[in-house]
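J.: Model the following, please.
(chains A and B)
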Amino acid sequence: MRFSKFYCPTLKEDPAEAEVISHKLLIRAGLIRKLSSGIYSFLPLGFKCLSKVIKIVREEMDRAGALEVMLPVVQPAELWQESGRWDFYGKELLRFKDRNNRDFCIGPTHEEVITDLIRHEVKSYKQLPLNLYQIHTKFRDEMRPRFGLMRCREFIMKDAYSFDRDNEGAEKSYMQMYDVYHRIFKRIGLKYRAVEADTGQIGGSFSHEFMVLADTGEDTIVVCESCEYASNLEKAEVVSSYKLDTTQSEKCANLQEVYTPQKHTVAEVSEFLGVDKTKIVKTLLYVADGKYVAFVIPGDRDLNEAKARSSLKINDLRMANFEEVKEITGCDVGYAGPVSLNVDAIYVDKLLLGKKDLICGANKTDYHFRHLDIERDVSVTDYIDLVNVLEQDPCPRCGARLKFLKGIEVGHVFKLGEKYSRAMNAKFIDSDGKEKYFVMGCYGIGVTRIISAAIEQNYDENGIIFPPSIAPFEVAILSLDIKNQEVMKLSEDFYNYLTDKGIDVLWDDRDERPGFKFKDIDLMGIPIQVVIGKKGLDEGIVEFKNRKTKEVVKIPISEFEEKILEFRENVWKEWGLF
RNA sequence: CGGGAAGUGGCGCAGUCUGGUAGCGCACCUGCCUUGGGAGCAGGGGGUCGCAGGUUCAAAUCCUGUCUUCCCGACCA
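T.: Take a look at the predicted model:
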């Protein structure tokens, strides 16, 4: 592509609306433009990059034997009512009516549609296993779209759905996709981790997320310093043998009221009474599917609502408001405690199992209790894992220390089991002649989000540094003196040579000053720059520059053809690509 | 949905407090000049200041309402 014929509006200044680096650079380098909150147009450069990502994803999915399909964006409400998600999915599901007043939605995901398709088409175990995928537009009406392509409302997703005759087959399909995802993210050149994850709204029995490591990531991931354990914070198990720093006495003294005026928070009580936060218990009051419940957790920990939701099978969970807290405790907010509490259930974190001599709210304004013995004083409904792990906690696998990293979720694999096939009555005839439900899995990749994530991980003060595998152009030829015929002739020869090799080249043949061209090409993140100028020609050389390492080599013109391929190979190797 | 900020040529901003009919930089067009890290000079085009209503002789500026965007939180494959 000749730059003089290309359309790529670059900006010198950061757009006011962008906060994170990838968002700024995507706009500045001319890849995307915003149409509305969370809705973006892809300009030619952005579309080229997107196409490269899609190509890799498609090649790897095809290699694994998955079959590409294309499912409708507009979906009838009936399917969603059948699966139960029409009411459950919430406002993220964009709904509308057609001219006949029928309810529809724009697909945020396609489990319903694919299950409906398969239940009508696949009748025999002989047709299984089957894995169908598509790469196209999803719409989720996010409460708060943000960070450019990171959290859009409209975005491109690769979603795949596997159908197996039994659990064993389903796990095989799952592991196959797990392996495919590793291949995909390696080929793209991302630094990432696969972590154990919560299943959320999609549901199902277990899942892994693929997280690109970046400080701006929205998710916290927990990794072990010693073994391979890695998990989303939402899912990470707290080892229940973890010892609270509590002095355990054989006998615990009786509960004793203590005056704690105006001390509502754990920090305040801890300071006022001069005791460690770990000796204080927090009692958090929630409304879970219409019932009052209390969660009792160590004072130094945070409640993990995802864990509470999934282990108690709660659909709707929210904190009790001030009025409700007063109704439950009979006192002001800040003095709730688990003793004689007027709730439907009291769930105590496993870490508190058997703990004595703790401090808790007394359900009386300005008072706390000393000498709380959980077993003696609390009517515990159940002990469950309710809190987030902390850094330095022991690894649930090997006991070594855990540490936190920030990650951007770019892929997610779920083992769904029979969740959707049962809900939608999708069955086949197995070899024993009996009807059975399909055992399903689903597998998503945020294709557009990958572009953001790649930039968050690879940039410098001059702009984007694209991995060569997804760079919109792999090589840029910068002709510095376009009025010099020798420069232009050589540039054209190089351009034709590289293009004939199937390499995507941007030839900057614009009538601009050299500095202007350098700035543009750097900003756009093109991995290899070939600089051809009068100055170099006088010495009989051209220059190759590696965008990532800034390394520049001078190559005699006669050796260009062999050297460029060698240089290119080295660039790919540096990225760990092949 | 709660809290905060902001809407002025394509982009980035000033002007608003203290009303008097819109300005700067970049970009764009023309010409000259320049050419190894976003050059310079000269000339030029483009906006009735998010929208609606109100106050006033007069509103970008004051008042009311509304829409949009961004940030924090809640939420979230």
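J.: Low-confidence bits of the stretch 101-250 of chain A, can you list those?
T.: Along the stretch 101-250 of chain A, the parts satisfying pLDDT under 70 run over A:200-205, A:240-250.
J.: How about the residues of it by RNA strand B?
T.: Within the stretch 101-250 of chain A, the positions lying close to RNA strand B (CB under 7 Å from any atom of the strand) are A:109, A:138, A:140, A:142-147, A:151, A:155, A:157, A:159, A:198-202, A:218. Any C-beta I mention is one placed from the backbone N, CA and C, and that applies to glycine too.
J.: okay but A:G337 is in contact with A:T283, surely?
T.: Yes. Between A:G337 and A:T283 there is a contact at 5.3 Å, judged by CB atoms under 8 Å.
J.: These two: which is more packed in?
T.: Legend: neighbour count by other CB atoms under 10 Å for A:G337 and A:T283, higher for A:G337 (27 against 23).
J.: which bits of the stretch 301-450 of chain A sit near RNA strand B?
T.: For the stretch 301-450 of chain A, the residues in contact with RNA strand B (CB under 7 Å from any atom of the strand) are A:305-306, A:412, A:414, A:444-446, A:449.
J.: how about a cut-off of 10 Å?
T.: For the stretch 301-450 of chain A, the residues in contact with RNA strand B (CB under 10 Å from any atom of the strand) are A:302-303, A:305-306, A:309, A:315-319, A:409-414, A:442-450.
J.: Could you grab the helix/strand/coil label for A:A306?
T.: Put simply, A:A306 is helix when judged by DSSP: H, G, I helix; E, B strand; the rest coil.
J.: which residues does the nearest residue to it once chain neighbours are set aside contact?
T.: Nearest residue to A:A306 in three dimensions, chain neighbours excluded: A:E234, at 4.1 Å (CB to CB, 6 or more residues apart in numbering). The contact partners of A:E234, by CB atoms under 8 Å, 6 or more residues apart in numbering, come to A:197-198, A:304, A:306-307.
J.: which residues sit against the strand or helix carrying A:L50?
T.: Using DSSP states H and E, the element containing A:L50 is helix A:44-63. Contacts to helix A:44-63, defined as CB under 8 Å, 6+ apart, come from residues A:6-8, A:26, A:29-32, A:42, A:68, A:133, A:135, A:156, A:158, A:160, A:180, A:183-184, A:187-188, A:445, A:447-448, A:450-451, A:466, A:469-473, A:504, A:524.
J.: Would you agree A:S421 is in contact with A:I114?
T.: No. Using CB under 8 Å, A:S421 makes no contact with A:I114, being 10.7 Å away.
J.: Can you identify each of the strands in the stretch 101-250 of chain A by residue range?
T.: Per DSSP state E, counting those that start in this stretch, the stretch 101-250 of chain A carries strands over the ranges A:103-106, A:130-139, A:154-164, A:192-196, A:206-213, A:219-224, A:230-232.
J.: next structured bit after the shortest one?
T.: For strand A:230-232, the succeeding helix or strand toward the C-terminus, using DSSP H and E, is strand A:256-259.
J.: what does the average pLDDT come to for the next helix or strand after that next one?
T.: Using DSSP H and E, the helix or strand that follows strand A:256-259 in sequence is helix A:266-273. Helix A:266-273 carries an average pLDDT of 86.
J.: What are the buried residues along helix A:266-273?
T.: Using 16 or more other CB atoms under 10 Å as the test for burial, helix A:266-273 gives A:266, A:269-270, A:273.
J.: could I get it in PDB with only the CA atoms?
T.: Extracted as PDB, the C-alpha positions of helix A:266-273 are listed here (Å, rounded to 0.1, in the frame of the first residue of the first chain):
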ATOM      1  CA  VAL A 266     -13.100  -2.100  61.500                       C
ATOM      2  CA  ALA A 267     -10.200   0.300  61.300                       C
ATOM      3  CA  GLU A 268     -11.700   2.600  63.900                       C
ATOM      4  CA  VAL A 269     -12.600  -0.200  66.300                       C
ATOM      5  CA  SER A 270      -9.200  -1.800  65.900                       C
ATOM      6  CA  GLU A 271      -7.400   1.500  66.700                       C
ATOM      7  CA  PHE A 272      -9.800   2.400  69.600                       C
ATOM      8  CA  LEU A 273      -9.500  -0.900  71.300                       C
END
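J.: Touching whatever helix or strand comes next after that helix from outside, list them.
T.: On the C-terminal side of helix A:266-273, the nearest following helix or strand under DSSP H and E is strand A:281-288. Strand A:281-288 is contacted by residues A:266, A:292-299, A:301, A:303, A:308, A:312, A:314, A:316-320, A:324-325, A:328-329, A:336-338, A:341, A:343, A:352, A:358-361, A:372, A:374 when judged by CB under 8 Å, 6+ apart.
J.: ok but A:K326 is inside a strand, no?
T.: No. With three-state DSSP as the criterion, A:K326 is located in helix rather than a strand.
J.: from what I can see A:R2 touches A:W507, true?
T.: Yes. In this structure A:R2 lies within contact range of A:W507 using CB under 8 Å: 5.1 Å.
J.: Compare those two and say which is more crowded by neighbours.
T.: The neighbour count for A:R2 versus A:W507, taken as other CB under 10 Å, is higher for A:W507 (27 against 14).
J.: and that one, what are its bridge partners?
T.: Listed beta-bridge partners, A:W507: A:R2, A:I477 (assigned using DSSP bridges).
J.: any idea how far it lies from A:S479?
T.: 7 Å (CB to CB, to the nearest Å).
J.: Overlap of the contact sets of those two?
T.: With CB under 8 Å, 6+ apart as the test, A:W507 and A:S479 both reach A:S491.
J.: which helix in chain A runs the most residues?
T.: Assignment by DSSP state H gives helix A:167-188 as the longest helix of chain A.
J.: Output the contacting helices and strands for that one.
T.: helix A:44-63, strand A:154-164, strand A:192-196, strand A:206-213, strand A:402-417, strand A:439-446 (3 or more CB pairs under 8 Å, 6 or more residues apart in numbering; DSSP states H and E).
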